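# Okay, here's the prediction I keep looking at, along with the sequence it came from:
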Amino acid sequence: MPRPWTLPRIPGLRRFFRLPSAERDVHALVDDEIAFHVDMLAEQLAAEGLPPEAARREALRRFGNLHGVRRRCYDISQSHATDMRRHELLSTVWQDVVYAARGMRRARGFSLVVLLTLALGIGATTAMFSVVRGVLLRPLPFPDAERVVRLWPGNPKAGTERPIISAAELEDWERELRGFEGIGAFGAVPMGHMFGEGDAEPAYARTSYVSRGFFPTLGAPAQLGRTLRAGEHVDGANRVIVVSDAFWRAQLGADRNVVGRVVRLDGKPYTVVGVMGPDFAFPDPGVSVWIPSTVMDPDDPSWRGRGMRWLNVVGRLRPGVTPEQGYAEIVALLQRLETTYPKTNAGWTAVVVEDVRDSIVGKVRPGLLVLLGAVILVLLVVCANVANLLLVRATGRAREMALRAALGAGRGRVVRLLLTESLLLALVGGALGVALAWSSVRTFVALGGELLPRAADVRLDLGVLGFAVGVTLLTGLVSGLWPALRASSTRLASALSEGARGSSVGAASHRARAALVGAEVALAVVLVIGAGLMLKSFERLTSVDPGFRSEGALLARFHLYASGPPPWPFPEERRRVIERVRQIPGVTAAGATTFAPFTDAQAEPRPFTIPGLPAPAKGEEPLIRMQPVSPGYLEALGIPLLAGEDIDGVAGDSTAVPSAIISKRMAEQFWPGQNPIGKSFVVGPRTVRVIGVAGDVRSTRLDSIAGYMAYVPERMMQRVHVSLIVRSDGDPARLAGPVRAAIREVLPRQPILQIVPMQDKVDDAAATPRFFTTLVSVFGTLALTLAAVGLYGVVAYVVRQREREIGVRVALGATQAHVVGLMLRRGMAPVLAGLAVGIALALFATRLLRSLLYEVSASDPATFVGVAALLAAVALVASWLPSRRAARVDPTITLRAD
Amino acid sequence: MADNSAEDLDLLQGTLDVLILKTLSWGPRHGYAIARWVHDNSDDVLRVEEGALYPALHRLEKRGWIEAEWGLSENNRKAKYYQLTSHGRAQLRAKATTWARYSTAVSKVLAIG
């Protein structure tokens, strides 16, 4: 039998017949097939002599249950069609993948640039997201953390922002507040204890003194043993401690049987009852030991006094109680306390209720969100750049696409092929990006320094990987879809006839690419302006004069412990350490204080009055920080003594009239135009005489001077904390060894916390701004580079496309400068549009930066102009480099090429 | 049907498959032609029942032993042509062997006595 003529083998056509998509089509085909058979049979029967109607009846009869036969054929065909479709899809997807992989290998340079771009974009986004997830999104280690709040009672009129409560007040709170399931308190300033037995170098244990409500309120369980019990907060039973995971590993040898072990803090025995989990870092990650607050020195009852405020409060709201209701209840209580105890509680009627998460991460949240926004902008630039590169490639392949279309590939099919290519690129780039993020996220976090909270919670986990996969797919789609749609809409005839020259296709594609470059430039402008503002702000912040000279100064922090009732012989030992240190060769000055600037705590502000001036209302007095210092401290730290004399060194003489050196700001405020020396002010029961005036010092933040300050003789306050400042004429770091030895000589058994150049402390104060500034700058640079690369590509392409035109122009007498200028104009047109759009966008976007900027306006004109100029310059170079090629066009060669 | 012609034999399921494959080994055919060919080449003994033929064709197509294409018939009508795939050819060889052994065995048993 001869082979029958079949429909031409055009893929689309074949598929149309072979792969009926809808159920309806499948049925129709079965019906057609059976009808054909019936007709043929009827014809044959008629030919054999039956009358036509009878022949037809007979033919149908032979089919028996025609309906049933149809049914069975429908079912089989339907399931066959489904199988085929699935198979077809899989095989074409696989074909596309193989084809795309081959294409990637062939166009190596192109693939490399695209992959690198994608890896940078996806890697940076993933790393940034893992930081945001760890710090902002991951649950806190407290169950139902949304009910846990920090409570900051305050005295708004006196300007105290976030002070503290006394032990007596805590009892009132615990008893009276109904809306809270628990109220816990802890020492506002962690204490230090010496830990160590035998001859081992004593270690420093940063200790938080906690109330009985502390652990129940937070609700976090111990990983080993248990937390403190209510019964362990009474005298006699309170020699128990809970330790941190880090302390357990470093000092207790990660002993699983540590519960019940007796350890010594300051030589006194304590029983370890539990080890907290590694993620428990409350109130801060530096705390190693939690101890019942009732162990505070029993010989000194002052810490139990109503006016002795030293505790921070954390509360757990009852289910259903809103923070607003909790707030109202506390305010009502504070007002009752004010009436009952006017002496200590006048003015202390305000409270701030803060979500515990905000209290931990609130300070870095705006910065992190800005960084996340910045990295998303970078990712958009990456998408635009990849789309741009794909467009170049697609334009080069216009003929291939036209041929595919001519051979019956539908538009959907071509789009799918191109999307497969971009998705494959994105997946490989994404994998590289995840590797990049994995290797760089620690560096990210380290940039944040100690001030980035919850740094330990930052890690690349499944959630982050899922995010990376999502971003990768999205990037592949976003960057690939437009080029794919453009390429697939290529008109067959025009592409086949003009594809080689690409005049009309090329023009449309050029517009698309110019638009992408414009978008890239606009995004880059926003990022670079943001980076510029941050850099300027950072520069201003770090060039601020802190009020002391950190260069040349070494900070040594140690603790003095003693047993027995006060007065303790601390000043004597401290004096001996200072004298010993002064004998070290190269040391020019040495002095001590309790807390040097930028160490973890500062003197608490206390209200004061000035005799002769009208007394402010109770609770509205100005506040002063009294910092005990040794003679020579001001000189050692380089704080200028503007008038008067240095603190005297009469140690232990509490009968002498208290004297103080006040800060310049205080002198100007209270004795303007007068000599303040010899004047006096009153703090609590004491009248303090002014003997000198010193320069203002920034001691907690670089961006502000904290209130009024008075330096008083060390005998006025006896503290265990010692910050020793040693000034030398050389590199202070080189003195660390000798200073340590000198301290050891006088105090062989006291732990030394830290010996670092003072400059490190100042640098640490700028760690958070440095973190944000560095990252925003990196992202800005990345965006700028990508935009430049994109622009270079566009101009290079234009030059190549228009070689013939250039050749004609040159042949007609155009100068090289003219030709290059023409190409530059082509390149710069989208840049200028992008610049304009970018500046407009930046005016909005930089408002988000406002809280991160120091002494720089969010719309700082100099930065805007500077960045615009920088971008224009970069763009000019990026389009000039490929334009030079136009100047080298030899008309005889280009024209002959046709 | 059986009552129509005493000599016609109903075809067992497996037998129909092998006959379809054999028929198609001579070239592409539509369903009607297959039925005719079997009938003609069995000296009018074997008659393919239409009610069984089409489900069998579709089943074989789904299994990938035969494939189909629409074309024009001798009298210029749209018809579905089936042809053997390489997979179907292999099946035919295997089934023909089995069938030959089977029929020899049956004949041998029937020849006894």
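Good, I have the coordinates.

# Most proximal residue of the stretch 201-350 of chain A with respect to chain B?
In the stretch 201-350 of chain A, the residue that lies nearest chain B is A:Asp279 (58.1 Å; Cβ to the nearest Cβ). Every C-beta, even on glycine, is put in place using the N, C-alpha and C of the backbone.

# Does that residue touch A:Ala455 like I think?
No. The pair A:Asp279 / A:Ala455 is not scored as a contact, 11.2 Å apart, by Cβ atoms under 8 Å.

# can you give me how far the helix or strand hosting A:Ile755 is from the chain middle?
A:Ile755 is part of strand A:752-757 when elements are defined by DSSP states H and E. Offset of strand A:752-757 from its chain centre (Cα atoms, centre = their mean, to the nearest Å): 29 Å.

# Neighbouring strands - and their directions - for it?
The strands beside strand A:752-757 in its sheet (DSSP bridges) come out as strand A:553-559 (antiparallel).

# So what's the model's average confidence on the partner strand?
For strand A:553-559, the mean per-residue pLDDT is 89.

# Next, the buried residues of it.
For strand A:553-559, burial by neighbour count (16 or more other Cβ atoms under 10 Å in any protein chain shown) applies to A:Ala553, A:Leu554, A:Leu555, A:Ala556, A:Arg557, A:Phe558, A:His559.

# and if you look at stretch A:337-345?
A:Leu337, A:Glu338, A:Tyr341, A:Thr344, A:Asn345.

# where along chain B do the strands fall?
Secondary structure of chain B (DSSP state E): strands at B:29-30, B:66-72, B:78-84.

# and these, which is most packed in?
Comparing the strands of chain B by mean neighbour count (mean count of other Cβ atoms under 10 Å in any protein chain shown), strand B:29-30 ranks first with a mean of 22.

# elements contacting that strand?
Applying 3 or more Cβ pairs under 8 Å, 6 or more residues apart in numbering or on different chains; DSSP states H and E, we find strand B:29-30 packed against helix A:23-47, strand B:78-84.

# if we go to 7 Å?
Counting by 3 or more Cβ pairs under 7 Å, 6 or more residues apart in numbering or on different chains; DSSP states H and E, the packing neighbours recorded for strand B:29-30 are strand B:78-84.

# Note down every partner strand of the strand it packs on and its orientation.
Applying DSSP bridges, strand B:78-84 is found paired with strand B:29-30 (antiparallel), strand B:66-72 (antiparallel).

# which residues are contacting the shortest one?
Read that as strand B:29-30. A:Met1, A:Phe36, B:Thr23, B:Trp37, B:Ser73, B:Ala79, B:Lys80, B:Tyr81, B:Tyr82 (Cβ atoms under 7 Å, 6 or more residues apart in numbering or on different chains).

# Would you reformat the residues you listed as JSON lines and include distance to B:Val45 and pLDDT?
What follows is the contacts of strand B:29-30, written out as JSON lines (distance: Cβ to Cβ, whole Å; pLDDT from 0 to 100):
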{"residue": "A:Met1", "distance to B:Val45": "21", "pLDDT": "43"}
{"residue": "A:Phe36", "distance to B:Val45": "25", "pLDDT": "90"}
{"residue": "B:Thr23", "distance to B:Val45": "15", "pLDDT": "90"}
{"residue": "B:Trp37", "distance to B:Val45": "13", "pLDDT": "88"}
{"residue": "B:Ser73", "distance to B:Val45": "26", "pLDDT": "84"}
{"residue": "B:Ala79", "distance to B:Val45": "26", "pLDDT": "89"}
{"residue": "B:Lys80", "distance to B:Val45": "27", "pLDDT": "90"}
{"residue": "B:Tyr81", "distance to B:Val45": "26", "pLDDT": "92"}
{"residue": "B:Tyr82", "distance to B:Val45": "23", "pLDDT": "93"}
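
# CSV for those residues, including distance to A:Pro605?
CSV is the format used below for the contacts of strand B:29-30 (distance: Cβ to Cβ, whole Å):
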residue, distance to A:Pro605
A:Met1, 108
A:Phe36, 101
B:Thr23, 105
B:Trp37, 108
B:Ser73, 104
B:Ala79, 100
B:Lys80, 95
B:Tyr81, 98
B:Tyr82, 97
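
# With respect to A:Leu371, which of the residues you listed is nearest?
Using Cβ to Cβ, B:Lys80 comes nearest to A:Leu371 of those, at 64.4 Å.

# Quick one: neighbours of the nearest residue to the closest one once chain neighbours are set aside, just the number.
The shortest distance from B:Lys80 to any non-neighbouring residue, by Cβ to Cβ, 6 or more residues apart in numbering or on different chains, is to A:Glu33 (4.7 Å). Look at A:Glu33: counted by other Cβ atoms under 10 Å in any protein chain shown, it has 24 neighbours.

# Could you work out the end-to-end span of stretch A:218-237 for me?
End-to-end distance of stretch A:218-237 (Cα to Cα, to the nearest Å): 22 Å.

# any idea how far it is from the chain center?
Centroid displacement of stretch A:218-237 relative to its chain, using Cα atoms, centre = their mean, is 35 Å.

# ok so, going back, which among the strands of chain B is found nearest to A:Asn312?
Among the strands of chain B, strand B:66-72 comes nearest to A:Asn312, with 80.5 Å by Cβ to Cβ.

# For the closest one, C-alpha coordinates in PDB please.
Taking Å, rounded to 0.1, in the frame of the first residue of the first chain, the C-alpha atoms of strand B:66-72 are listed here in PDB:
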ATOM      1  CA  ILE B  66       2.200   2.300  17.100                       C
ATOM      2  CA  GLU B  67       1.900   6.000  16.400                       C
ATOM      3  CA  ALA B  68      -0.800   7.900  14.500                       C
ATOM      4  CA  GLU B  69      -0.900  10.700  12.100                       C
ATOM      5  CA  TRP B  70      -3.800  12.300  10.300                       C
ATOM      6  CA  GLY B  71      -3.600  12.200   6.600                       C
ATOM      7  CA  LEU B  72      -5.800  12.000   3.500                       C
END
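
# A:Met194 is in contact with A:Arg264, isn't it?
No. Counting by Cβ atoms under 7 Å, A:Arg264 is not a contact partner of A:Met194; they are 8.4 Å apart.

# So these two - more neighbours on which side?
Shown here are A:Met194 and A:Arg264; by other Cβ under 10 Å, A:Met194 has more neighbours (20 against 15).

# Quick check: bridge partners of the more buried one?
A:Tyr204.

# Identify each buried residue in stretch A:258-273, please.
Quick answer for stretch A:258-273 (16+ other Cβ under 10 Å): A:Val258, A:Val263, A:Leu265, A:Asp266, A:Tyr270, A:Val272, A:Val273.

# Farthest-apart pair in the residues you listed, please.
Taking Cβ to Cβ as the measure, the buried residues of stretch A:258-273 have their most distant pair in A:Val258 and A:Asp266, spaced 19.6 Å apart.

# Looks like A:Phe864 contacts A:Gly530 (just checking).
No. Taking contacts as Cβ under 7 Å, A:Phe864 lies outside contact range of A:Gly530: 11.1 Å.

# Settle it for me: which of the two has more neighbours?
More crowded of A:Phe864 and A:Gly530, by other Cβ under 10 Å: A:Gly530, with 28 against 18.

# which helices and strands does the helix or strand containing that one pack with?
In the assignment (DSSP H and E), A:Gly530 maps to helix A:503-542. Identification of packing neighbours for helix A:503-542 by 3+ Cβ pairs under 7 Å, 6+ apart yields helix A:365-396, helix A:492-498, helix A:767-801, helix A:816-845, helix A:861-887.

# Having no further points to raise, I will conclude here.
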